[in-house]
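> quick one, structure for this:
(chains A and B, ligands or ions: 2)
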Amino acid sequence: METKNVKRVPLNGTLELTARCNLRCKMCLIRVDEKRMTELGGRERTTKEWIQLAREMFDAGTIGLLLTGGEPMLRGDFCQIYKAVAQMGFLLTLYTNATLVTPEVMEVLKAYPPHSIGITTYGASPETYEKVTGSASAYNKMIEGVRRLRQLPSKLTIRTTLIKDNANDLRKMSEWAFSIGRDVDFNVSRIVTKAVRGGIAEVESCRLTAEENVAMLRERSKEFIMEPFSRFIKEHPEVIKKEKIKKEKIKKEKIPTTIFKNADNDITNPKGQTVKEKLTLYGCEAGMSAYTITWDGKLIGCQMLGNCWTYPFETGFMQAWKDYPKQVNLQPMPEQCKGCEITCSACPATRQAETGSIGGFPEYLCQESKLAHAMEMKMIAEMQQFIEEKGRLEYETI
Amino acid sequence: MRIKSGYILRKIAGSDMVVPVGSNIADFNGIISLNESAAFLWRHLTEGVELPHLVTVLAEEYNISKEQAQVDTENFIEGLQQANILMEV
Ligand code: SF4
Ligand code: SF4
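Numbers count the residues shown, from 1 in each chain, chains lettered A, B, ... in the order given. Ligands and ions are numbered 1, 2, ... in the order given. Below is the predicted model:
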């Protein structure tokens, strides 16, 4: 593989401090229990090891650091690791389910607030929490945890993942998230892949079917795109003639998976424009500027991508970062995908999760992507028709 | 005057950046990127220093007139004061 002239800088790191969790979400991609940890033969790294590694990451130029899990606050030494890492000078993000925010945790978070906190939530009631996480009481603990975290100057994002058991709570969850404050973001994941790296969740039985998934997307698009759009057009008929929406414009460009080709060449894209060739391993930042250190001490491309790794605790961070591309074994695109023009929700990592190989054909994701694409095209057609009808109306009234 | 504690100056891929940590993020939650002369002044400001001294060292370092250095330094200091990053010693 050609690797010369390629600049890789480890700017964004993720530390997965543990893959254990106090909740047992049906769709968790990562969670393992003690039994599975033994089967996998790994061990969680110690307080000292994490702090030392973070220092090496700092020296290597990492600026964005995500502390995550599992549930990171489950570790007895969370406060100790957090305090040491937060003083170093990273742009720090913390992911948590907010059910273990004790006064001791708050004390260190107050002294060194993360720049941003992502809070994963699983429903809008104890009943839904029971179904999704196996714990009804976790709901009230989460509400109280969020109340505490809200006292920090950190940017808050409420996150959720939708499955069959909580999809009906979506509206209530989003209303609650926005009621916390206008500065709070609400982020919904609706694509759920099978568990990765030995995670124990049985995702297939609980995730939405591709049809359910896209039906929900349609509802949300109606509410957040179509309705505001038609309102806007009705209120501002003057923009109609100028702003005809072209189908080609809307279609997102597919990112090619360019494999470490030589240097920063200017290339000509299919439209005849000259662009800088984007050098990647997987078509994204994984392994190029981003990386994850797993609970058992491996450096991987992203938290989902456990197909190959190096050993930062053994060789030192910088060596592990340098060696990573040598481990990467890229696969050709699946046969079925050749020539496909759809903006697809699959990537090497999700293909790996779904099929066990980064080059496997991800049936579920394909179905979802095609349905979502058809839905988008229909929506665009409806928008165009709306514009044309309004346009004609206007014309007739002149 | 000097920079309050908890602002960490870093060199990331050749650029100077400051990351606020601790309760400072209540004043500024993000990254401050500095050009070369701003980073130069910042380094001096991590220890107690007065304006005239900063003007002198900036003029010397970049071989510019005292007047120009005065204007540049004052602008930079003003920005820091507005962001509540400086303290008196
Ligand atoms: S999940 Fe896929 S797109 Fe995202 S960082 Fe990993 S490999 Fe890249
Ligand atoms: S939509 Fe299906 S065929 Fe197209 S790229 Fe995605 S997985 Fe492949």
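> now do the domain split for chain A, please.
Domain ranges of chain A: A:1-201+A:282-330, A:207-252+A:331-398, per automatic domain parsing.
> go through the ones you listed and pick out the most buried.
Burial of those is given as mean neighbour count (mean count of other CB atoms under 10 Å in any protein chain shown); domain A:1-201+A:282-330 ranks first at a mean of 19. Quick note: C-beta positions are derived from backbone N, CA and C, even for glycine.
> tell me the mean pLDDT for that one?
Domain A:1-201+A:282-330 shows a mean pLDDT of 95.
> wait, does it contact ligand 2?
No: Domain A:1-201+A:282-330 lies out of reach of ligand 2 by CB under 6 Å from any ligand atom, never closer than 11.5 Å.
> remind me, longest helix of chain B?
Longest helix in chain B, counting residues (DSSP state H): helix B:66-82.
> what element comes up after that helix heading to the C-terminus?
strand B:86-87 (DSSP states H and E).
> that next one pairs with which strands, parallel or anti?
The pairing partners recorded for strand B:86-87 under DSSP bridges are strand B:2-3 (antiparallel).
> what lies in contact with the partner strand?
The contact list for strand B:2-3 (CB atoms under 8 Å, 6 or more residues apart in numbering or on different chains) reads B:42, B:45, B:46, B:47, B:48, B:49, B:80, B:85, B:86, B:87, B:89.
> next SSE after that strand?
Downstream of strand B:2-3, the next assigned helix or strand under DSSP H and E is strand B:7-12.
> is that following strand positioned near chain A?
Yes: using CB under 8 Å from any CB of the partner chain, strand B:7-12 comes into contact with chain A via B:8, B:10, B:11, B:12.
> mind checking how far the last one is from residue A:9?
The span separating residue B:12 from residue A:9 equals 8 Å under the rule CB to CB, to the nearest Å.
> let me know the closest of the residues of strand B:7-12 next to chain A to ligand 1.
residue B:12 (20.4 Å; CB to the nearest ligand atom).
> show me what contacts that closest one?
Going by CB under 8 Å, 6+ apart, residue B:12 touches A:11, A:61, A:63.
> tell me the pLDDT of it.
Confidence at residue B:12, expressed as pLDDT, is 91.
> who is it paired with across the strands?
Under the criterion DSSP bridges, residue B:12 forms beta bridges with residue B:15.
> common neighbours of residue B:12 and residue A:9, please.
residue A:61.
> partners of the residue in chain B that chain A sits nearest to in the sheet?
Per CB to the nearest CB, residue B:8 is where chain B lies closest to chain A, at 3.2 Å. Following DSSP bridges, residue B:8 is listed with bridge partners residue B:19.
> do you know how far it is from residue B:46?
Applying CB to CB to residue B:8 and residue B:46 gives a distance of 10 Å.
> phi, psi for residue A:93 please.
Dihedral pair for residue A:93: phi -120, psi 140, per degrees, to the nearest 10.
> now do the same for the closest residue in space to residue A:39 that isn't next to it in sequence: helix, strand or coil?
Nearest residue to residue A:39, sequence neighbours excluded (CB to CB, 6 or more residues apart in numbering or on different chains): residue A:198, at 7.4 Å. Of the three states, residue A:198 takes coil under DSSP: H, G, I helix; E, B strand; the rest coil.
> was I right to think residue A:198 contacts residue A:33?
No: taking CB atoms under 8 Å as the definition, residue A:198 is not a contact partner of residue A:33, at 10.6 Å.
> for residue A:192, what are its contacts?
A:27, A:29, A:161, A:162, A:163, A:203, A:207, A:208.
> so what's residue A:50 closest to, chain neighbours aside?
Counting by CB to CB, 6+ apart, the residue nearest residue A:50 is residue A:81, at 5.1 Å.
> for the one you found, what is the enclosing helix or strand?
If you go by DSSP H and E, residue A:81 is part of helix A:78-86.
> list only buried entries from the residues of strand B:7-12 next to chain A.
Neighbour-count burial (16 or more other CB atoms under 10 Å in any protein chain shown) applied to the residues of strand B:7-12 next to chain A gives B:8, B:10.
> so who does the closest residue to residue A:190 other than its chain neighbours touch?
Among residues not flanking residue A:190 along the chain, residue A:162 sits closest, at 5.0 Å (CB to CB, 6+ apart). By CB under 8 Å, 6+ apart, the residues touching residue A:162 are A:170, A:188, A:189, A:190, A:192, A:208, A:213, A:216.
> one more time with 7 Å, if that's ok
Applying CB atoms under 7 Å, 6 or more residues apart in numbering or on different chains, we find residue A:162 in contact with A:170, A:188, A:190, A:208, A:216.
> what's the separation between the residue of chain B found nearest ligand 1 and residue A:93?
Residue nearest to ligand 1 within chain B: residue B:13 (19.7 Å; CB to the nearest ligand atom). Here residue B:13 is placed at a distance of 20 Å from residue A:93 (CB to CB).
> also residue A:61?
Between residue A:61 and residue A:93 the distance is 17 Å, computed by CB to CB.
> isn't residue A:68 right up against residue A:14?
Yes: the pair residue A:68 / residue A:14 is scored as a contact, 6.1 Å apart, by CB atoms under 7 Å.
> report the distance from stretch A:138-158 to the chain centre.
Taking CA atoms, centre = their mean, to the nearest Å, one finds stretch A:138-158 lying 20 Å from the centre of the chain it belongs to.
> and residue A:156, what are its phi and psi?
The phi and psi values for residue A:156, taken as degrees, to the nearest 10, are phi -100, psi 140.
> list the residues that contact the closest residue to it other than its chain neighbours.
Excluding the flanking residues, the one nearest residue A:156 by CB to CB, 6+ apart is residue A:184, at 4.8 Å. Each residue near residue A:184 by CB under 7 Å, 6+ apart is listed here: A:156, A:158, A:177, A:178.
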